[in-house]
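Chemist: only the shape, not the letters, is given here:
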């Protein structure tokens with residue numbers, strides 16, 4: 001797997017490119033079962049936006065490190081995105 005940035009255990013979202021056109025975003029809070037936090041959501045959305053804007057990427061895989069994807073990921077991310085979509 002080719003890392004596209006210097007990853008460390010401290011990163012909240014680890015980004016890699018395992019194959020041409022494929023970007024992997026791995027949530028990296030295994031001690032918290034990859035539960036979402038404000039900082040993780042911010043980092044995830046930044047890296048997701050960068051992957052989506054890359055014309056060479058055709059698939060984005062979202063996963064979690066260790067043994068868990070995320071107990072709260074889908075629910076909390078959906079709520080967060082709905083809040084962002086509200087008109088001011």
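Modeler: Done, it's in. This structure is a prediction, so every number in the text was calculated from the model and none was measured.

Chemist: output the below-cut-off pLDDT ranges for this structure.
Modeler: Scanning the chain for pLDDT under 70 picks out 1-9, 71-88.

Chemist: need the longest helix for it.
Modeler: Taking DSSP state H as the criterion, the chain has its longest helix at helix 38-53.

Chemist: what angle separates the secondary structure element (helix or strand) that residue 16 belongs to from helix 38-53?
Modeler: Element membership of residue 16, judged by DSSP states H and E, is strand 13-19. Interaxial angle, strand 13-19 versus helix 38-53 (axes from the mean of the first three to the mean of the last three C-alpha atoms, to 10 degrees): 30 degrees.

Chemist: for residue 40, see how far away residue 47 is.
Modeler: Going from residue 47 to residue 40 by C-beta to C-beta, to the nearest Å gives 11 Å. For every residue, glycine as well, the C-beta is placed using N, CA and C.

Chemist: residues making contact with the strand or helix carrying residue 25?
Modeler: Using DSSP H and E, the secondary-structure element containing residue 25 is strand 22-27. With C-beta atoms under 8 Å, 6 or more residues apart in numbering as the test, strand 22-27 has contacts from 1, 4, 12-18, 34, 36, 40, 44, 47-48, 51, 54, 57-65, 69-70, 73.

Chemist: now the angle from the longest helix of the chain to strand 22-27?
Modeler: Orientation check (the same axes, to 10 degrees): helix 38-53 against strand 22-27 gives 180 degrees.

Chemist: helix or strand right after helix 38-53?
Modeler: Counting by DSSP H and E, the next helix or strand C-terminal to helix 38-53 is strand 59-64.

Chemist: partners of the strand holding residue 16, with directions?
Modeler: Strand pairing for strand 13-19, determined by DSSP bridges: strand 2-3 (antiparallel), strand 22-27 (antiparallel).
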